[in-house]
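*Asks:* make a model of this:
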Amino acid sequence: MRPKHRNRRLATIAVSALVLSGGVAMLATALSQYQQFFYTPSEVVSAGFVAGSDSVRVGGLVVPGSVVREPKLKTTFRVRDFEGDAPGELSVSYTGVLPDLFKEDSGVVLTGRLDNTDLDASEVLAKHDENYMPKT
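*Replies:* Numbering: from 1, shown residues only. From the prediction side, this is the model:
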């Protein structure tokens with residue numbers, strides 16, 4: 001014969017474990033929707049690339065000598081892979097104010113719409129290296 005307190009304790013432990021595992025499952029499901037990965041320019045330029053949605057994220061390096069600033073804050077430039085030997089460059093056009101850290105041969109992450117092999121960027125994020133020093 002089992003004491004009443006032991007049954008109540010086992011039931012409490014079982015319900016607590018069930019609630020905890022349900023909470024962890026809901027948290028994992030919610031966080032998986034906000035994972036943000038980016039494609040490389042060579043993946044986007046490749047013939048078999050199909051964007052999963054209207055908006056695509058691309059990360060790479062700005063090609064030196066490719067930045068052209070036009071009137072009304074329009075800027076066009078090309079982006080290549082972080083590894084220099086990968087084939088393919090992606091043409092990008094962006095209208096707006098660029099980040100202060102944006103420069104040639106620096107890392108960028110772009111969000112925008114893909115038209116064939118051209119990206120019409122709606123957001124430009126400039127990356128810096130681990131030795132970041134602010135402008136003085």
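*Asks:* do I have it right that D118 meets E89?
*Replies:* No: distance between D118 and E89: 11.0 Å, which falls outside the contact criterion (C-beta atoms under 8 Å). For every residue, glycine as well, the C-beta is placed using N, CA and C.
*Asks:* so between these two, which is more surrounded?
*Replies:* Neighbours around D118 and E89, counted as other C-beta atoms under 10 Å, are more numerous at E89. The numbers are 19 against 15.
*Asks:* hmm, that one is touching V79, no?
*Replies:* Yes: here E89 reaches V79: they are 6.6 Å apart, a contact under C-beta under 8 Å.
*Asks:* quick one: common contacting residues for these two?
*Replies:* Common neighbours of E89 and V79, using C-beta atoms under 8 Å, 6 or more residues apart in numbering, are P41, V63.
*Asks:* for L61, give the beta-bridge partners.
*Replies:* R80, G107 (DSSP bridges).
*Asks:* ok, it - contacts?
*Replies:* L61 neighbours (C-beta under 8 Å, 6+ apart): V79, R80, D81, F82, D105, S106, G107, V108.
*Asks:* now the buried members of those residues.
*Replies:* Among the contacts of L61, those buried by neighbour count (16 or more other C-beta atoms under 10 Å) are V79, R80, D81, G107, V108.
*Asks:* so can I have JSON lines of these showing distance to P71 and pLDDT?
*Replies:* Shown next, in JSON lines, are the buried ones among the contacts of L61 (distance: C-beta to C-beta, whole Å; pLDDT from 0 to 100):
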{"residue": "V79", "distance to P71": "22", "pLDDT": "92"}
{"residue": "R80", "distance to P71": "26", "pLDDT": "90"}
{"residue": "D81", "distance to P71": "31", "pLDDT": "87"}
{"residue": "G107", "distance to P71": "27", "pLDDT": "89"}
{"residue": "V108", "distance to P71": "22", "pLDDT": "92"}
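*Asks:* quickly check those for the two that are furthest apart.
*Replies:* Greatest spatial distance in the buried ones among the contacts of L61: D81 and V108, 12.2 Å, computed using C-beta to C-beta.
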